[in-house]
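> Test case, fold it:
(one chain, ligands or ions: 2)
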Amino acid sequence: MRKPTPLWAQYWTLTKPRVVALIVFTAIIGMLLAIRPGDAWPWPRLLAGTLGIWLAAASAAAINHLLDQRIDKVMARTAERPLATGALKPAQVLAFAIALGVASMATLVLLVNPVCAALTFASLIGYAIVYTGFLKRATPQNIVIGGLAGAAPPLLGWAAVTGMQREWDWAHALLLVLIIFVWTPPHFWALAIFRREDYSRALVPMLPVTHGVTYTRWQILLYTVLLVVVTVLPWAARMSGVFYLGGALVLGAVFLWYAWKLLDPPDEFFAMRTFKYSIVYLMALFAFLLLDHWLLPLFDAALALEFAPQP
Ligand code: HEM
Ligand SMILES: CC(C)=CCC/C(C)=C/CC/C(C)=C/COP(=O)(O)OP(=O)(O)O
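Numbers count the residues shown, from 1 in each chain. Ligands and ions are numbered 1, 2, ... in the order given. Predicted coordinates for the structure are as follows:
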């Protein structure tokens, strides 16, 4: 007999821990890119910003569980979620989501800054209410438009550090948002192809259900080409250097290979492999942005010291 899942683990599931981990990772990278080499590190804002953004994303994820109970019960992938199985009651989930949301706003308003708090609140509403409550049920463009909320974290991180006061803050942070925004359709539609029967049974109008698999595969390829183009922009805007550019192009070439092969896949699991690669891709791309911003200047400084003329 299977051991029952402990109560704390049911609440932990509500926070979509793995998705939110990557969301917070992109927010932290937004923070670290906003600090220029030579600036002092604003540790209290970095820590409180990370906590506040995590709390908001976790609150949004819990609201998503609450509003999607009917859908989650019908889909095989989500049928074990705490509300679908009855392990938690809607009132418990609502209380948990409100507690996380209030804690998030208190942290961001009191310890970070109002710009970061307002943008984070807008993302929370964007995902939990606009995407989950309306778009998801209304149009196959749901994840394209709704993707804006999931793409916002680097901007939230950037705002935590700077308050968006300096020249170029918006332009640079929005480039990072644009990358995740364009990444979201290939990320999600690859999974949706594999899980299309789930969505069809739950009457959710995802693209493979409304427009078919072949059309969705072409859309994935189209967005992947666009993604490779937009990932060049941080280099073109002189925000990042050639180390980042090289990494982005290699990662992009592999993503293009997946998207191309998905047009005529070797087996039905290939869409799932493409989905998994999309996650590795985003983690690695943001790691390249960070290494390029922080490690290369340190390396250059060490080299300059080594070869500086001796007095
Ligand atoms: C509207 C935008 C998005 C949609 C519709 C979407 C959809 C999904 C779905 C349906 C799953 C499967 C979840 C599961 O089975 O538990 C998933 C997994 C995942 N997503 Fe997304 N996603 C979106 C945006 C994002 C963003 C912005 C990130 C991070 C920056 C992200 C990171 C992940 C990760 C890391 C997983 C794997 C979770 C695991 O291994 O359990 N997603 N996504
Ligand atoms: C404040 C802030 C940064 C908010 C962003 C919050 C957030 C958790 C975004 C993740 C996007 C996501 C997992 C969408 C899938 O929802 P779905 O309902 O289509 O997937 P499901 O079927 O797995 O529930």
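> Around ligand 1, pick out the residues from the stretch 51-200 of the chain.
77, 143, 146-147, 150-151, 180, 184, 187-188, 191 (Cβ under 6 Å from any ligand atom). The C-beta positions use only the backbone N, C-alpha and C, and glycine is treated the same way.
> Out of those, which is nearest to ligand 2?
Nearest to ligand 2 out of these is G150 (Cβ to the nearest ligand atom; 4.1 Å).
> Is the helix or strand hosting S123 in proximity to ligand 2?
Secondary structure assigned from DSSP states H and E places S123 in helix 114-125. Yes: Helix 114-125 lies within reach of ligand 2 by Cβ under 6 Å from any ligand atom, at 120, 123-124.
> From what I see, W158 and R166 are in contact.
No: the pair W158 / R166 is not scored as a contact, 10.1 Å apart, by Cβ atoms under 8 Å.
> Looking at these two, which is more packed in?
Each of W158 and R166 has its neighbours counted (other Cβ atoms under 10 Å); W158 has more, 30 against 12.
> Packing partners of the helix or strand encompassing that one?
Using DSSP H and E, W158 falls within helix 153-162. Judged by 3 or more Cβ pairs under 8 Å, 6 or more residues apart in numbering; DSSP states H and E, the packing partners of helix 153-162 are helix 17-34, helix 43-67, helix 114-125, helix 169-194.
> Close to ligand 2: what parts of the stretch 1-150 of the chain are there?
So far as Cβ under 6 Å from any ligand atom goes, the stretch 1-150 of the chain lies against ligand 2 at 16, 19-20, 23, 56-57, 60-61, 64, 68, 78, 120, 123-124, 127, 132, 136, 149-150.
> Grab the longest helix from the protein for me.
Assignment by DSSP state H gives helix 270-306 as the longest helix of the chain.
> mean confidence score for that one?
Helix 270-306 carries an average pLDDT of 91.
> Pull out the buried positions in it.
Residues 270-271, 273-275, 277-278, 281-283, 285-286, 288-290, 292-293, 296 are the ones in helix 270-306 that count as buried (16 or more other Cβ atoms under 10 Å).
> out of everything not next to it in sequence, what's closest to whichever residue of the stretch 201-311 of the chain sits closest to ligand 1?
Residue of the stretch 201-311 of the chain nearest ligand 1, by Cβ to the nearest ligand atom: I279 (4.7 Å). Leaving out its chain neighbours, the residue that sits closest to I279 by Cβ to Cβ, 6 or more residues apart in numbering is L22, at 6.8 Å.
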